[in-house]
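Trainee: Make a model of this:
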Amino acid sequence: MKNKKIKLLKDLISIPSPSGFEGNIAEFIRKELLQYLPKTRVKIDEYKNVIAIIKGTSDKKIMIDAHSDTIGFVVTNVDRSGLISLQYIGGGDIQILPARYLNILTSTKKLNAIIGRKHAHLNENEDDIKIEHIKDVFIDIGIRGRKQVLRKIKIGDPVVYKPYFEELEQDKKLGQYIAGYGIDNKSGCFVLMETIREIIKSKKKPIPTLIFTFSTQEEIGKAKVRQLIKKYKPDLFIGTDVTFATDCSDSEDDEIEREVGRCELGKGCVLYKGVGISKETVKLLISIAQKHKIKLQYQASKGDIGYNSDIATDYISKAVIVGIPLRNMHSITEAISTKDLNYGIRLLTSFCISKEIRRIL
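Mentor: Sure, this is the predicted structure:
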């Protein structure tokens, strides 16, 4: 992947956007898209959803969505000594919290913070260091006293892990291997942005109008994508999000693969098959992938599988998911292959400008 694209992905990941606080990432995405689309075709709504539209030649509409929010935290209390309590925004693994660097996003600036850890010398057994609930975790910003701390922060301020982005070693199978916090789902945003760029670059007019949405608050209930679907009434919904890779240390056993199916980095993006998934659309996507030599993997849908497409099926009959294999989901070391990102961009671009799309709309 070219350095310019790597930089875009890094920029996306470096902008904090916990659910409910997506304003900055929305402005960044809008600014980037205005390089390819006129101002009248890119907007940010009252929920900080970004909507980018490429007009088609027919009255049919496809919505291609990626959520722009990430997991995070919110300040809930400051005790007498000045230590700060927090709660999750979205899900997370409590056991990875101790000894982490955080940022508190105040109304005026970003504050550095840490989560402490009991002295290793004083840990008599494993039970001493286990965290059972997030209420057992405290943030330290280096200031003592409740009043003094509350001069710097407010109850309700969002908190995120300190931005992390690392290019690891190149691999023939994986391509460029990238790790960081917020790849879920900044990688989906990246795929959509690059797909828009490739469609404009091709100078081919799509048959349906393409409504690209960078939706908010997916991690806390998916309510905002519901508003978008109700407003734009697409004929087809394509959700682009990360999915569980099983080729990592804690997943390489029969039990995990029996639950979610085999999925490896560098082997292609994932199409879901099963309940709530448009069979005709999946069939066309497979045909297009074969024609353009785009690698695919497959996972099964039992209905409610935790994606924005679950909401789409409440309103329209056609929905599909294009998944991007991800290791270490909802952690600070989420990891992805640039090969899979490129496969996703090529698949969506080829699909959106295909003449065969008439068959399914």
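Trainee: where does the protein have low pLDDT?
Mentor: Within the chain, the ranges that satisfy pLDDT under 70 run 118-129, 249-254, 305-306.
Trainee: hey, which helix is longest across it?
Mentor: Ranked by residue count under DSSP state H, the longest helix found in the chain is helix 183-202.
Trainee: Now do it: distance to the chain's middle.
Mentor: Put simply, helix 183-202 sits 12 Å off its chain's centre (Cα atoms, centre = their mean, to the nearest Å).
Trainee: Could you list which residues are in contact with the spatially most central residue of the chain?
Mentor: Centroid check for the chain by Cα atoms, centre = their mean gives residue 185 as the closest residue, at 0.9 Å. By Cβ atoms under 8 Å, 6 or more residues apart in numbering, the contact set of residue 185 is 66-70, 218, 240-242. Every C-beta, even on glycine, is put in place using the N, C-alpha and C of the backbone.
Trainee: Where do the strands of the stretch 51-200 of the chain begin and end?
Mentor: With DSSP state E, counting those that start in this stretch applied, the stretch 51-200 of the chain shows strands at 61-67, 72-78, 84-89, 101-105, 110-115, 139-140, 158-161, 165-171, 175-180, listed in chain order.
Trainee: can you give me the helices in the chain?
Mentor: 3-14, 23-33, 146-150, 183-202, 223-232, 254-260, 279-291, 309-312, 338-352.
Trainee: Present the ones you listed as JSON lines; the columns should include distance to residue 103.
Mentor: Below are those laid out as JSON lines (distance: least, Cβ to Cβ, whole Å):
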{"stretch": "helix 3-14", "distance to residue 103": "11"}
{"stretch": "helix 23-33", "distance to residue 103": "12"}
{"stretch": "helix 146-150", "distance to residue 103": "15"}
{"stretch": "helix 183-202", "distance to residue 103": "16"}
{"stretch": "helix 223-232", "distance to residue 103": "24"}
{"stretch": "helix 254-260", "distance to residue 103": "32"}
{"stretch": "helix 279-291", "distance to residue 103": "39"}
{"stretch": "helix 309-312", "distance to residue 103": "30"}
{"stretch": "helix 338-352", "distance to residue 103": "26"}
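Trainee: How much space separates residue 345 from residue 187?
Mentor: From residue 345 across to residue 187, the span is 11 Å (Cβ to Cβ, to the nearest Å).
Trainee: Which residue of those two possesses the greater neighbour count?
Mentor: Higher neighbour count among residue 345 and residue 187: residue 187, with 28 against 22, using other Cβ atoms under 10 Å.
Trainee: Can you tell me how far the nearest residue to residue 166 once chain neighbours are set aside is from residue 291?
Mentor: Counting by Cβ to Cβ, 6 or more residues apart in numbering, residue 166 lies nearest to residue 179, which is 4.9 Å off, once chain neighbours are set aside. Distance, residue 179 to residue 291, using Cβ to Cβ: 33 Å.
Trainee: if we can go back for a sec, identify the farthest-apart pair in the contacts of residue 185.
Mentor: Greatest spatial distance among the contacts of residue 185 (Cβ to Cβ): 70 and 240, at 15.2 Å.
Trainee: tally of neighbours for the closest residue to residue 211 other than its chain neighbours?
Mentor: Ranked by Cβ to Cβ, 6+ apart and with sequence neighbours excluded, the top spatial neighbour of residue 211 is residue 63, at 4.6 Å. Here the number of neighbours of residue 63 (other Cβ under 10 Å) works out to 27.
Trainee: now swap in residue 32 and tell me
Mentor: By other Cβ under 10 Å, 18 other residues sit near residue 32.
Trainee: what bridges to the closest residue to residue 157 other than its chain neighbours?
Mentor: Once flanking residues are discounted, residue 157 sits nearest to residue 75: 4.6 Å by Cβ to Cβ, 6+ apart. Using DSSP bridges, the beta-bridge partners of residue 75 come out as residue 86.
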